[in-house]
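Novice: Here you go, sequence then predicted model.
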Amino acid sequence: METMPTKATLARAAIGFRVKSGWATAVLLAGPTHSPRVVDHRVIHLSDPAVPESRQPYHAGMGTLDEDDAKIKPRIKVVQRITNGSVAALLDDYRNLGCKLRGAALVVGSLIEPSSIKNPHIRAHALEGQLFRTVLDDALRLFGLPCSVVVERNAYSEATTVLKRSEDKLKRAVSDLGRGVSGRWRADEKLAALAAWMTLA
């Protein structure tokens, strides 16, 4: 946990997520839009480490597409169960800090419709991207948190409009948010922080 802002600052908080296959990086940002602070960042499970197939539920052996519903449906149920539990624990932690969460935002790799992809292996990745994004979105809404989605390649261009800063200034500011933060502060954390920042606006 990072150095805590004041209670007044915590009255404005938002969570950004960089969603991956089976896990997500979460960043809690709090404070006014012009000068937010990182309160916490962590990785949350969207799959069960004890059920390795749940991390890539549409993959069969050798990176091929699995189309067997009898195998896929139980994996999806695992994803839903783990994601709901991860979100419940995360929101409990943040609300126990006194955070008044304004919302959440998910940064994803793509919003492409999987059925439009002919290559089976690429379609499996697209199905998983769609699954983890949708299940995390559903879990956040289940717990009463509004949620938006932004595609990674568009994140900074969209942020320039929302936050009224140039892309270069935003990239420097997001990097600076990680100063003094314990643990890693790489691309996933930066994108999650940017998404949270837009949600604060």
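Specialist: Great, that's in hand.
Novice: Would you double-check that Ser148 falls in a strand?
Specialist: Yes. Ser148: assigned to a strand according to DSSP: H, G, I helix; E, B strand; the rest coil.
Novice: List the contacts of it.
Specialist: Applying CB atoms under 8 Å, 6 or more residues apart in numbering to Ser148 gives the contacts Gly103, Ala104, Ala105, Leu106, Met198, Thr199. Backbone N, C-alpha and C define where each C-beta goes, glycine included.
Novice: measure it to Ala201 for me?
Specialist: Separation of Ser148 from Ala201 (CB to CB, to the nearest Å): 11 Å.
Novice: cool, and Asn96?
Specialist: In this structure, Asn96 and Ala201 are separated by 25 Å, where distance is defined by CB to CB.
Novice: So which of those two has more stuff around it?
Specialist: Comparing Asn96 with Ala201 by other CB atoms under 10 Å, the one with more neighbours is Ala201, at 14 against 8.
Novice: who are the neighbours in contact with that one?
Specialist: Contact partners of Ala201, counting by CB under 8 Å, 6+ apart, are Thr33, Val162, Leu163.
Novice: can you give me the strands in this protein?
Specialist: For the chain, the strands defined by DSSP state E occupy 13-19, 23-30, 37-45, 101-108, 147-151.
Novice: Comparing those, which comes out most buried?
Specialist: Among the strands of the chain, the stretch with the highest mean neighbour count (mean count of other CB atoms under 10 Å) is strand 13-19, at a mean of 28.
Novice: Give me the longest helix you can find in the chain.
Specialist: helix 69-96 (DSSP state H).
Novice: Which elements pack onto that one?
Specialist: strand 13-19, strand 37-45, strand 101-108, helix 120-142 (3 or more CB pairs under 8 Å, 6 or more residues apart in numbering; DSSP states H and E).
Novice: Try it again at 10 Å.
Specialist: Using 3 or more CB pairs under 10 Å, 6 or more residues apart in numbering; DSSP states H and E as the contact test, the elements touching helix 69-96 are strand 13-19, strand 23-30, strand 37-45, strand 101-108, helix 120-142.
Novice: how close does Val150 sit to Pro120?
Specialist: Val150 sits at a distance of 28 Å from Pro120 (criterion: CB to CB).
Novice: Repeat that for Leu194.
Specialist: Distance, Leu194 to Pro120, using CB to CB: 33 Å.
Novice: Neighbour count: the two, which is higher?
Specialist: The neighbour count for Leu194 versus Pro120, taken as other CB under 10 Å, is higher for Leu194 (28 against 14).
Novice: pretty sure the more buried one is touching Leu106, no?
Specialist: No. Using CB atoms under 10 Å, Leu194 makes no contact with Leu106, being 11.9 Å away.
Novice: Show me the shaky parts of the protein.
Specialist: 1-9 (pLDDT under 70).
Novice: Excluding covalently adjacent residues, which one is nearest to Val39?
Specialist: Ranked by CB to CB, 6 or more residues apart in numbering and with sequence neighbours excluded, the top spatial neighbour of Val39 is Leu28, at 4.5 Å.
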